[in-house]
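Novice: model the structure of this input:
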Amino acid sequence: MAVVGKSKREEALEKAIERFGSYLLWYFKSLCGDEHEAENRLQELWVHVYEKFPLDYICHAGMLKRKAWQIYVDWARKKGVRDFVSFTDEIPDAEANAFHQEASTEEEEKALQGRFWENFPGVDLTDVQMQCFWLKCRQGYTLEEISEQLNVPRSTAQEWIKLVKVKCATYLKEGQP
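Specialist: Just a heads-up that it's a prediction; the model follows:
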């Protein structure tokens, strides 16, 4: 009876456990706060690494740590653990955002938008390009939302935003378009 040697995958896993095992155990302990849970998550990590990682990534520290984080997050979600959430009797008041004017009505928002563009006289932009920039930078819309609202392709919205940024930056540097 011939003894079969270890596969490359098994050798790589043993090397990874030897190199990163204690660090990853410490990492899980710091996340979980419980030694037994940390050991369970570490075991789950090694099983996943052995079964699913490409051979080249088994000894990759960044990939191992990223997967460890994902395993912890999945476990925390399943368990319903949210250490960062605290409960209070009253809702705290939100701090005023002094550097960002807030409009309370649609008319005020339009006036605010008009005052903003008055700071860039002579910059050659279409109304749709300005609206695209405003939606992204002021309202925080995603490119998908902007493309749906303005009925333009996502790539066009992205190009317009870049164009507006360049033209406005040029105006601010040179004082002219």
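
Novice: look up the closest residue to Q149, ignoring the ones flanking it.
Specialist: The shortest distance from Q149 to any non-neighbouring residue, by CB to CB, 6 or more residues apart in numbering, is to L135 (6.8 Å). No exception for glycine: its C-beta is placed from N, CA and C like everyone else's.

Novice: give me the neighbour count for V73.
Specialist: Per other CB atoms under 10 Å, the neighbour tally for V73 reads 11.

Novice: please save the CA atoms from the strand or helix carrying it in PDB.
Specialist: Element membership for V73 (DSSP states H and E) is helix 61-79. Only the C-alpha atoms of helix 61-79 are listed here, as PDB (Å, rounded to 0.1, in the frame of the first residue of the first chain):
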ATOM      1  CA  ALA A  61      -2.300  37.900   4.300                       C
ATOM      2  CA  GLY A  62      -4.600  40.500   2.900                       C
ATOM      3  CA  MET A  63      -7.000  38.000   1.500                       C
ATOM      4  CA  LEU A  64      -7.000  36.000   4.700                       C
ATOM      5  CA  LYS A  65      -7.800  39.100   6.800                       C
ATOM      6  CA  ARG A  66     -10.500  40.300   4.400                       C
ATOM      7  CA  LYS A  67     -12.200  36.900   4.500                       C
ATOM      8  CA  ALA A  68     -11.800  36.800   8.300                       C
ATOM      9  CA  TRP A  69     -13.600  40.100   8.500                       C
ATOM     10  CA  GLN A  70     -16.400  38.800   6.200                       C
ATOM     11  CA  ILE A  71     -16.800  35.700   8.300                       C
ATOM     12  CA  TYR A  72     -17.000  37.800  11.500                       C
ATOM     13  CA  VAL A  73     -19.600  40.100   9.900                       C
ATOM     14  CA  ASP A  74     -21.700  37.200   8.700                       C
ATOM     15  CA  TRP A  75     -21.600  35.700  12.200                       C
ATOM     16  CA  ALA A  76     -22.400  39.000  13.900                       C
ATOM     17  CA  ARG A  77     -25.400  39.500  11.600                       C
ATOM     18  CA  LYS A  78     -26.700  36.000  12.200                       C
ATOM     19  CA  LYS A  79     -26.300  36.500  15.900                       C
END
